[in-house]
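Peer 1: my questions are about this predicted structure, shown below with the sequence.
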Amino acid sequence: MRVVDGMHRLMAAGMRGEQEVRVRFFDGDERDAFLIAVRENTAHGLPLGARDRALAAARILRSHPHWSDPAVALAAGLSARTVGEVRRASLDESEQPTARLGRDGRVRPLNAVEGRIRASQLITEMPGASLRAIAQRAGISPGTVRDVRDRMSRGEDPVPASLRASDTGGGSPVKAPPRVRRSAEARGPVDEQGLLRSLMKDPSLRLTERGRFLLRLLGAQVLPDSRWTELKEAVPEHGAQVISQLARKCASAWTEFADDLERAAADSSGE
């Protein structure tokens, strides 16, 4: 029956002579109760000061060392950079976990090399798995999994030389798993415009709102080479970096979408 948040409201109700108040019960341990108390007191009422937030972050790091800096920052009302400084000051190297739980609920290793090696092993063991499935099991992002897969398809080391050098001091390279060929690579040139025209005649797509939306998205992507050249020429120099980042994000989303579709098709056919 400890008050986690609302002590002043409870006191005010008592001063007014109220015998009952509406409450929301929380069933959990002391660590989680403290998390809720900190989160609530940084969101409303008289907020905690910077020093109190830093002290709260230090306590959260001691009770939840596996949480990522952004996750602790969200709870304590601080920036991830400040939480990182608090972590280095309050935790010894031996207390630092080898992986951290992010705000999205995914566990990611602090050692990028280990995550990439694990992803390469999973890609070899489960060639039909989606980027998301591999990423969840390897503890890295889908974008990193895609890079690992592309490197493997070219017969390259799944770990870039820059990462390998920083992790091993320039030691021996990690042996790349066998070359992986994706089914789409073996099909040769594709008549994209013809396939799109065929899809636009499909009633199951053309007569549903989501289907029409998908067709519009595909229509915006299926362009002749000359059109892509025109688009590149239209990009101003100051916007190249931002547009490049957005284009890679879109490409990642489409790749993951394609992987999910191929995975579902394989499952339905019993492969």
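Peer 2: Now that the structure is in, tell me what you want to look at.
Peer 1: and after the worst-scoring helix or strand of the chain on mean pLDDT, which helix or strand comes next?
Peer 2: Ranked by mean pLDDT, DSSP states H and E, the helix or strand of the chain with the weakest confidence is strand 107-109, at a mean of 60. Elements were assigned by DSSP states H and E; along the chain past strand 107-109, the next helix or strand is helix 112-125.
Peer 1: now that following helix: buried residues?
Peer 2: Across helix 112-125, burial judged by 16 or more other C-beta atoms under 10 Å covers 112-120, 122-123. Where C-beta positions appear, they are placed from N, C-alpha and C, glycine not excepted.
Peer 1: what does stretch 32-44 give?
Peer 2: 33-35, 37-39, 41-42.
Peer 1: which of those residues fall in helices?
Peer 2: The helices, defined by DSSP state H, take in 33-35, 37-39, 41 from the buried residues of stretch 32-44.
Peer 1: reformat the residues you listed as TSV; add pLDDT.
Peer 2: As requested, those are exported to TSV (pLDDT from 0 to 100):
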residue	pLDDT
Ala33	79
Phe34	81
Leu35	76
Ala37	77
Val38	78
Arg39	74
Asn41	70
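Peer 1: for those residues, which one is nearest Ala161?
Peer 2: Nearest to Ala161 out of these is Leu35 (C-beta to C-beta; 41.1 Å).
Peer 1: and what about the nearest residue to the closest one once chain neighbours are set aside, helix, strand or coil?
Peer 2: Among residues not flanking Leu35 along the chain, Ala75 sits closest, at 5.6 Å (C-beta to C-beta, 6 or more residues apart in numbering). Secondary structure of Ala75, reduced to three states by DSSP: H, G, I helix; E, B strand; the rest coil: helix.
Peer 1: Ala75 and Ile60: what is the separation?
Peer 2: 6 Å (C-beta to C-beta, to the nearest Å).
Peer 1: pull up the overlap in contacts between the two.
Peer 2: 35, 38 (C-beta atoms under 8 Å, 6 or more residues apart in numbering).
Peer 1: one step back: of the buried residues of stretch 32-44, closest to Glu192?
Peer 2: Arg39 (49.2 Å).
Peer 1: mind listing what that closest one touches?
Peer 2: 74-77.
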